[in-house]
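In: I would like the atomic coordinates for the input below:
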Amino acid sequence: MISKQILMESTHTAPPEVRGPRVLQFELFSSCIDSGFWSALTRKKLDVYGLDETAKSIHGYYSIGSAAFLPCFMNVDHASFEATPSTDSHTYPLHGKLQNFNTIEKFRDSDKQLITDGEANELWNLIMSGEALVNPSLLSRFTLLSFVDLKKYIYSYWFLFPALVYPDALVHETEPRPIQEAFTGEEISHITNFVAKLPKEQNAFLIAHDADGAMEILLIRDLPLIVKDNRKVTLCVCDPSVRADNPGWTVRNVLAMFAYHVRSSPEYRRVQLVCFRQRFRDGLRDVSHSLVLDLRIVFTPNQTMGQTLIPKAVGWERTEKGKLGSRHVNLSAQMDPKKLAEQAVDLNLKLMRWRLVPELDLPLIQRTKCLILGSGTLGCNVARCLMGWGIFDLTFVDNSVVSFSNPVRQSLFSFSDCLDGGKEKSIAAVEAVQRIFPGVCATAHQMNIPMPGHPISESMRGKVDETITLLEALIEKNDVVFLLMDTRESRWLPTLIGASKRKIVMNAALGFDSYLVMRHGMSAGGAGDETNSKKLGCYFCNDVVAPGNSTRDRTLDQQCTVTRPGIAMIAAALAVELLVTVLQHPKGAEAPADSSARDDYLTNDIESPLGIVPHQIRGFLARHNTVLPATTAFDKCTACSATVLKEYEARGHDFLFDVINSTASFLEDLTGLTKLHADSEKAEVWDLSDDESFAGSE
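Out: Numbering: from 1, shown residues only. Model (predicted):
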């Protein structure tokens with residue numbers, strides 16, 4: 001009986017001076033991993049697998065046309081994760097399993113013997129059931145254990161190419177010889193043409209020889225019939241090796257299957273094996289390096305009597321130093337820094353979906369386009385927070401330059417932006433976000449937004465008309481409009497246009513130690529809908545006067561936004577978080593308001609996966625208090641009421657110039673606020689009259 005020691009896999013052939021009978025050895029696969037495979041695995045880990053460590057089906061391939069100096073490669077690439085393996089004329093599929101671990105410790109401590117035994121069991125069942133006779137490629141398998149360090153782009157992995165230790169041994173009867181010494185040219189041509197027509201799952205086939213010398217090429221599933229007819233047989237396997245005396249690793253399991261099915265037929269203990277290989281030279285197929293081996297199959301007594309124990313399996317890949325162990329690849333230095341940044345910036349977001357918020361719709365967030373009106377303290381912080389959520393399509397609008405007082409409070413600017421008179425804020429903001437992340441899509445526009453109470457001369461009308469047209473185009477292009485300007489009246493025109501175009505409008509305003517963050521309401525019936533009483537109000541809905549010039553006759557401390565330094569960061573963060581929560585709500589911008597005025601607002605079912613969706617968030621830092629009021633739209637609002645929207649949509653810019661160049665009474669007369677004031681005054685007069693008559697009667 002042959003010693004068990006010789007059954008271990010080896011990538012080395014016997015020394016050339018050794019001749020005569022010797023044990024057949026096989027060339028173990030060497031893994032060849034395309035960098036695209038690691039990129040695909042990274043995406044799968046982040047977007048699909050998450051914390052799931054169960055084995056996933058993947059596939060690889062091997063070639064039977066490698067150059068003479070190359071090892072026996074198995075290949076995986078970005079296509080390994082697709083449902084159907086892709087092969088060409090000289091490649092064959094490998095069926096694989098991927099088990100990706102969440103920690104390096106689990107990867108290192110995984111039970112390799114248990115994994116090997118499981119693969120042995122599956123291979124043995126495929127052979128015993130006859131399934132592998134029908135599809136011999138099922139015996140070409142691999143298991144890949146891996147751990148992905150998503151921060152450092154270091155990949156740890158270990159391949160198992162399972163092969164059964166069965167039969168007891170395979171012994172050379174003669175020296176290996178090239179195919180042309182065993183077959184005629186016509187027979188070789190016949191074999192080559194047969195292989196070219198074979199489906200890729202048929203990586204092994206048979207040649208049955210008749211007594212008169214005729215041969216018949218058959219699928220390997222015909223082996224039981226050949227044995228039954230007692231015909232001489234040659235086993236042929238598509239071989240990935242290029243060695244002159246050793247077949248490749250896939251041949252081993254095919255030989256095990258052949259031996260199992262002939263174990264009770266002594267006349268088949270000697271078998272001729274063709275290791276079929278092919279190359280293409282000058283457009284012609286060359287198979288002259290294919291090998292023919294004459295082998296003797298050696299069984300143990302238990303094996304010939306019908307072995308019931310599952311054979312052992314071997315096949316763990318060794319390191320470059322020839323030791324059993326895992327391998328590691330560091331791709332961080334090889335990757336384009338911009339590509340690395342693109343993959344890394346949303347790492348935190350994708351990790352949210354693993355466990356904390358699996359229903360989070362990241363693509364919806366990331367394709368959102370935002371228009372930031374005002375690139376000051378609020379605008380800078382809003383932009384940074386938007387980028388943190390993976391929103392990189394940003395448009396900055398401002399009308400001023402960076403001054404020396406700005407950089408300490410406005411997080412996108414630095415001292416160098418203040419030099420030479422100061423850089424335009426919108427341009428400086430774009431340059432800053434591009435330095436932070438080169439993949440951002442940011443544009444800048446310097447403009448003065450026309451405002452009620454700030455009349456325009458006739459000579460400036462053409463330029464202002466162009467500004468309004470540009471503002472309308474910017475609002476139309478974007479999904480969300482942030483109102484982050486210094487004055488109340490500068491928010492009127494974007495509020496009106498945003499309501500008309502049904503855009504999400506987010507508003508943030510600051511006091512010394514207080515702040516307001518709110519989303520403007522959007523009616524289900526569209527702009528100008530007078531029937532929707534549930535529509536939430538806009539920034540101007542709580543006012544009973546039209547916007548006017550709020551900077552006239554103001555001292556410096558009244559003109560500047562004087563606030564506690566932390567207020568802007570709090571308000572900016574809340575504005576972005578409120579936006580993202582709205583985007584995740586099933587009703588989007590039409591989501592009803594959760595209000596702290598109701599006792600059950602914290603106990604009701606939450607529809608958005610990120611929490612409640614308030615209409616307004618009002619904070620008071622002096623008492624560290626926050627309230628969540630909600631108000632419905634005011635039918636006499638000077639910015640979003642149906643009356644104003646219809647007038648704007650009917651008259652366009654002419655209406656806007658009338659508002660800008662007129663006094664506040666123009667909008668108040670149009671919306672009915674003037675009448676409301678008059679009615680209120682009458683009510684006060686009557687109340688006063690009643691009070692006097694009551695006093696006089698005493």
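
In: mind listing the strands for the stretch 1-150 of the chain?
Out: Assigned by DSSP state E, counting those that start in this stretch, the strands in the stretch 1-150 of the chain fall at 30-33, 56-63, 73-76, 91-101, 141-149.

In: Just tell me which of those strands ends up closest to Glu181.
Out: Counting by C-beta to C-beta, Glu181 lies closest to strand 56-63 out of the strands of the stretch 1-150 of the chain; the figure is 24.3 Å. Using the backbone N, CA and C atoms, a C-beta is placed for each residue, glycine as well.

In: Now do the buried residues in that closest one.
Out: Using 16 or more other C-beta atoms under 10 Å as the test for burial, strand 56-63 gives 56, 58-63.

In: again with stretch 417-424
Out: For stretch 417-424, a neighbour-count test (16+ other C-beta under 10 Å) marks 417-418, 422-424 as buried.

In: List of residues touching stretch 337-353?
Out: For stretch 337-353, contacts defined as C-beta atoms under 8 Å, 6 or more residues apart in numbering pick out 42, 46-47, 50, 150-151, 153, 332, 360, 362, 365-366, 387-390, 437-439.

In: What residues sit buried inside stretch 486-502?
Out: 486-500.

In: just the residues you listed now: which is nearest Val76?
Out: Of all these, Gly498 has the smallest distance to Val76: 50.3 Å, by C-beta to C-beta.

In: Please identify the helix or strand for the nearest residue to the closest one once chain neighbours are set aside.
Out: Leaving aside its chain neighbours, Gly498 sits nearest to Val505 (4.2 Å; criterion: C-beta to C-beta, 6 or more residues apart in numbering). Here Val505, judged by DSSP states H and E, is contained in strand 504-510.

In: re earlier: next up, the contacts around the residue nearest to Gly498.
Out: Counting by C-beta under 8 Å, 6+ apart, Val505 makes contact with 480-481, 483, 494-495, 498-499, 519-520, 538.

In: what is it paired to in the beta sheet?
Out: For Val505, the beta-bridge assignment (DSSP bridges) gives partners Val481.

In: so what's it scoring on pLDDT?
Out: For Val505, the model assigns a pLDDT of 97.

In: how much space between Thr427 and Met460?
Out: For residue 427 the amino acid is Ile, not Thr. According to C-beta to C-beta, to the nearest Å, Ile427 and Met460 sit 23 Å apart.

In: more neighbours, those two?
Out: Ile427 (19 against 13; other C-beta atoms under 10 Å).

In: tell me which element that one is part of?
Out: Assigned by DSSP H and E, Ile427 falls in helix 425-436.

In: Beyond that helix, next helix or strand please.
Out: Following helix 425-436 toward the C-terminus (DSSP H and E): strand 441-446.

In: quick check: angle from that following strand to helix 425-436?
Out: 160 degrees (axes from the mean of the first three to the mean of the last three C-alpha atoms, to 10 degrees).

In: What residues sit buried inside strand 441-446?
Out: For strand 441-446, the neighbour count (16+ other C-beta under 10 Å) marks 442, 444-445 as buried.

In: and what of stretch 606-624?
Out: Buried-residue list, stretch 606-624, by 16+ other C-beta under 10 Å: 608-610, 612-619, 621.

In: Strands - which of those land there?
Out: Counted as lying in strands by DSSP state E, out of the buried residues of stretch 606-624, are 616-619.

In: tell me the contacts of Leu98?
Out: Applying C-beta under 8 Å, 6+ apart to Leu98 gives the contacts 41, 55-58, 144, 146.

In: any idea how far it lies from Ala40?
Out: 11 Å.

In: Asn193: which element?
Out: Secondary structure assignment for Asn193, by DSSP H and E: helix 185-197.

In: Parallel or antiparallel, which strands does the next helix or strand after that helix pair with?
Out: Per DSSP H and E, the first helix or strand lying C-terminal to helix 185-197 is strand 204-209. Paired strands of strand 204-209, with direction, are strand 215-219 (antiparallel), strand 232-238 (antiparallel) (DSSP bridges).
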